[in-house]
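Engineer: Show me the folded form of this:
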Amino acid sequence: MNTHAATLDGAHAPAHARPRLDYKAGLATTIIFVGLLAAGLLYTAYSLMHDVTAAGVPVRNLAPFLLLGVALLIALGFEFVNGFHDTANAVATVIYTHSLPPHVAVLWSGTFNFLGVLASSGAVAFGIISLLPVELILQVGSSAGFAMVFALLIAAILWNLGTWWLGLPASSSHTLIGSIVGVGIANALMHGRDGTSGVDWAQVTKIGESLLLSPLVGFIVAALLLLALRVVIKNRRLFEAPKSSAPPPWWIRGILVLTCTGVSFAHGSNDGQKGMGLIMLILVGTVPLAYALNRAMPADQVTQFVAMSTVTQQSLLKDLPAGLTAGAPIEQTRTALSDYVRTKQYRPEVLASLADITGSIGAQVGGTPNSLARVPAAAVPNVRNDMYLASEAIRLLQKDASVKLDAAATTNLKAFKKNIDSATKFIPLWVKVAVAIALGLGTMVGWKRIVVTVGEKIGKSHLTYAQGASAEVVAMLTIAAADSFGLPVSTTHVLSSGVAGTMAASGSGLQMATVRNLLLAWVMTLPAAIVLSGTLYWLLTQLF
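Structural biologist: All right, here's what the predicted structure looks like:
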């Protein structure tokens, strides 16, 4: 190892510079934690009951509501586990540079995870849903739909808990994507189809690329940022490891706390949405009258929606190939669009079916003027499913270069899809608050195992101030960028690879045993989650 680098980066920092991680929560902290947890659960239950009552949902059988309660608890449990599994990504650097005491760091991180969830856009949430098998989304309230939700959530929780127990910073995003793919493959095989037909591989590839590239971005950009800081900043103190447990100078401390805050907020805004999407899927399947359509959509938007459906249908009819007519029975129309969304194979009949279903949606919503809340209860699930099929079909058509539409049809389809998404892709405030509380409180539990891995076991030397700041800045910006594009990325991979990049750039070296374990967890997460969720899905379909 380079002697100069070792001295400069504090490879021989004294033992007492290691942070104290044995802090025990006091009685007051425990009471506050339990109180917040209870308040979150009570608020969730109250909000759910209020929405169900306001929608006039008839309660004839308690079984669906019991399943709903269990599913919501498991979904919130996933976010809670996600919280303590990923806490280290934000707090390891401020803890190991003594910028914040451990107990303050996790509280600070939990608070900004909470705020990040509340500020999230929802784009990632519905991007996750689009990966699920179309037939299960259309029948999410059925036994197979519940089996799907339970299987993928339980598989994700089990893998997250296993890697946390081993102290491995594995990716919750990787785990959830693998669980979804596993359910899709199992569902296809159980229906006598090729396993590959049960997954939207184009969307999986897009998300897989973001998950694959983000750690490489973390490693390379963090290393380059550290080298750039060495050239620009002449104060060598920034590039040294702590010599004692005393906090660093105020300006260094400010940078590190700011980056910790940014990563926590970005993590909440990205990772929190995964639970939101699944919770909305559960709600739509169990109480569609309350959650299938956006009952709060303003009257003027509903009027615009109906008008836009008419204009879009007319423009599609003008673009139909010669000899092809619309007007097929609605079930035939739905089957054609469902097959298109599932197989991605375009046929001219798809355009006619899209025109038919667009007109049908407009007619059903237009018959209930000024409010989606007035759609008849019996029609709500069909209207929601028709909107989902239309939106997904339009999304695929927009990407298909072989489909030639005139400018008017293209513009109208884009505007109509936006209206559909406003009517179906919404997240009630209480769902955001419940997920925010689960994720925020989760960050305050069980954080020590992975903090030690990130802070001590990636590099051969103690983490320096510049290394911590570089890794955190890159993680914060990468996650924020992914959030704006609606892509789930792994906070864990970006941050841990960023720390590894700074260690490599400083010349202090990497602990290859840890790096091998991280790579093994990275490689194994997808196949393990696929097998777990696929097996659980098969078992649960036999039980339900």
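Engineer: Next, the contact list for Leu62, please.
Structural biologist: Leu62 is in contact with no residue at all, counting by CB atoms under 8 Å, 6 or more residues apart in numbering. Where C-beta positions appear, they are placed from N, C-alpha and C, glycine not excepted.
Engineer: Check what pLDDT it gets.
Structural biologist: Predicted confidence (pLDDT) for Leu62: 76.
Engineer: That one and Ala151, how far apart?
Structural biologist: Going from Leu62 to Ala151 by CB to CB, to the nearest Å gives 23 Å.
Engineer: ok, and Lys206, which helix or strand is that part of?
Structural biologist: Assigned by DSSP states H and E, Lys206 falls within helix 201-232.
Engineer: okay, now Arg342: neighbour count?
Structural biologist: 18 (other CB atoms under 10 Å).
Engineer: so how far is the helix or strand where it lies off the chain centroid?
Structural biologist: In this assignment (DSSP H and E), Arg342 forms part of helix 330-343. Averaging C-alpha positions (CA atoms, centre = their mean, to the nearest Å) puts helix 330-343 28 Å from its chain's average.
Engineer: list the buried ones in whichever helix or strand comes after it?
Structural biologist: Sequence-wise, the next helix or strand downstream of helix 330-343 (DSSP H and E) is helix 349-366. For helix 349-366, a neighbour-count test (16 or more other CB atoms under 10 Å) marks 349-362, 364-365 as buried.
Engineer: Please compute how far helix 349-366 lies from its chain's middle.
Structural biologist: Centroid separation for helix 349-366 versus its chain: 31 Å, with CA atoms, centre = their mean.
Engineer: hang on, the earlier thing: so which elements touch the helix holding Lys206?
Structural biologist: helix 172-190, helix 465-484, helix 491-506 (3 or more CB pairs under 8 Å, 6 or more residues apart in numbering; DSSP states H and E).
Engineer: Out of those, the one nearest Pro381 is which?
Structural biologist: Evaluated over those, closeness to Pro381 peaks at helix 172-190, with 19.8 Å, by CB to CB.
Engineer: now stretch 482-494: mean pLDDT?
Structural biologist: On average, stretch 482-494 scores 71.
Engineer: Endpoint to endpoint, stretch 135-145 covers what distance?
Structural biologist: This stretch, stretch 135-145, spans 9 Å end to end (CA to CA, to the nearest Å).
Engineer: Now do the helices in the stretch 301-450 of the chain.
Structural biologist: Using DSSP state H, counting those that start in this stretch, the helices found in the stretch 301-450 of the chain span residues 330-343, 349-366, 380-399, 407-424, 429-442, 448-452.
Engineer: May I see those helices arranged in CSV, with mean pLDDT as well?
Structural biologist: CSV is the format used below for the helices of the stretch 301-450 of the chain (pLDDT from 0 to 100):
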stretch, mean pLDDT
helix 330-343, 90
helix 349-366, 91
helix 380-399, 90
helix 407-424, 91
helix 429-442, 92
helix 448-452, 79
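Engineer: Just name the most buried of the ones you listed.
Structural biologist: Across the helices of the stretch 301-450 of the chain, the average number of neighbours (mean count of other CB atoms under 10 Å) peaks for helix 429-442, which reaches a mean of 24.
Engineer: sorry, back to before: the helix holding Lys206 to helix 491-506, inter-axis angle?
Structural biologist: Inter-element angle recorded for helix 201-232 and helix 491-506: 40 degrees (by axes from the mean of the first three to the mean of the last three CA atoms, to 10 degrees).
Engineer: Just the mean pLDDT for helix 201-232, thanks.
Structural biologist: Per-residue pLDDT values across helix 201-232 average out to 81.
Engineer: got the angle for that helix vs helix 465-484?
Structural biologist: 150 degrees.
Engineer: Quick one: name whatever helix or strand follows helix 201-232.
Structural biologist: Scanning onward from helix 201-232 (DSSP H and E), the first element met is helix 250-286.
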